[in-house]
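Student: this is a predicted model, with the sequence first.
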Amino acid sequence: MTDRPATGPAAATGARYPDLAGAVAVVTGGSRGIGAATAQALAANGAAVAVVGRDRAALQATVAAITARAGHAIGVVADCTVEADLNALRDQVAEQLGPVDVLAAFAGGAGTPVPTVTETAAHWRTVIDGDLTATFLTVSAFLPNMIAHHQGVIITMSSAAARQPAQSSAAYAAAKAGVITFTRHLAAEVAEHGIRANCLAPSAVENNTMRARMPPDRLANLGASFPLGRLGQPNDIAAAALFLASCASSWITGVTLDVAGGKIMI
């Protein structure tokens with residue numbers, strides 16, 4: 001009997017896609033969690049990565065983790081809801097790394113539950129801007145150069161909250177559903193230019209905030225509620241991002257990939 005390959009989040013860190021060597025990647029929301037895991041995974045596959053976020057110290061930690069493993073990365077502080085920040089990011093990446101091959105527009109969040117009856121217009125606009133408008137602005141900054149070079153991969157970040165009702169705010173669900181539709185529409189537009197656009201929709205992924213708010217027994221119970229019996233880990237999502245970034249998915253575009261432990265089956 002042959003040994004079975006390793007599975008689970010630890011195995012995801014060992015994924016190898018040789019075609020990513022020498023690529024230039026931008027990962028927004030890259031300072032921690034899913035974004036940081038994706039930036040590190042891309043760098044481990046030989047890509048030069050611009051790690052983007054608002055927390056300078058967290059960015060520096062992610063870049064240090066990459067360079068400690070002989071990877072190539074730069075950290076760029078930017079707010080993805082601010083068009084000027086994204087234009088400056090685009091110019092800096094072009095100057096320091098070159099044309100972008102992979103754009104992972106992962107900045108977002110604000111999925112905290114808020115009953116619609118108590119939702120405010122200000123909070124609604126903040127969530128829509130932080131998740132949906134930020135995705136649009138990020139893509140808008142880099143898309144013209146991708147079209148000019150007739151190549152590129154765009155990966156956006158949605159959520160299981162966009163796929164079925166969940167314990168998040170309606171604003172967050174609407175924003176993330178908008179990301180899915182935006183990505184699908186974008187994919188149809190840019191396919192003729194040799195550009196692919198796909199979307200990831202994770203379910204519950206364990207992070208520092210979750211661990212701070214939930215005792216271990218509650219985390220364990222939440223993990224047990226998934227058909228695959230555990231919570232997601234950042235490396236699970238990073239592994240899916242690597243696949244979509246690589247030539248292994250060269251005939252896939254306009255797709256939303258549910259990385260959800262079996263919670264979402266559509």
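Tutor: Arrived safely.

Student: where do the helices sit along the stretch 151-266 of the chain?
Tutor: For the stretch 151-266 of the chain, applying DSSP state H, counting those that start in this stretch gives helices covering 170-190, 208-213, 216-224, 234-245.

Student: weakest of these by average pLDDT?
Tutor: Here the lowest mean pLDDT among the helices of the stretch 151-266 of the chain goes to helix 208-213, at a mean of 85.

Student: centroid-nearest residue for this protein?
Tutor: Residue closest to the mean C-alpha point of the chain, counted by C-alpha atoms, centre = their mean, is residue 106 at 3.5 Å.

Student: still on that earlier bit, how about the helices of the stretch 151-266 of the chain in JSON lines, adding mean neighbour count?
Tutor: Glycine gets a C-beta too; all of them are placed from N, C-alpha and C. Output for the helices of the stretch 151-266 of the chain, formatted as JSON lines (neighbours: other C-beta atoms under 10 Å):
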{"stretch": "helix 170-190", "mean neighbour count": "20"}
{"stretch": "helix 208-213", "mean neighbour count": "10"}
{"stretch": "helix 216-224", "mean neighbour count": "12"}
{"stretch": "helix 234-245", "mean neighbour count": "24"}
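
Student: quick one, which of these is nearest to residue 155?
Tutor: helix 234-245 (5.2 Å; C-beta to C-beta).

Student: which other helices and strands does that closest one contact?
Tutor: With contacts taken as 3 or more C-beta pairs under 8 Å, 6 or more residues apart in numbering; DSSP states H and E, helix 234-245 sits against helix 9-12, helix 33-44, strand 102-105, strand 152-157, strand 195-202, strand 256-259.

Student: what's in contact with that helix?
Tutor: Residues from elsewhere that reach helix 234-245, judged by C-beta atoms under 8 Å, 6 or more residues apart in numbering: 9-10, 12-13, 15, 17, 20, 23, 25, 33-34, 36-38, 40-42, 45, 102, 104, 153, 155, 196, 198, 200, 202, 205, 207, 249, 252, 257, 259.
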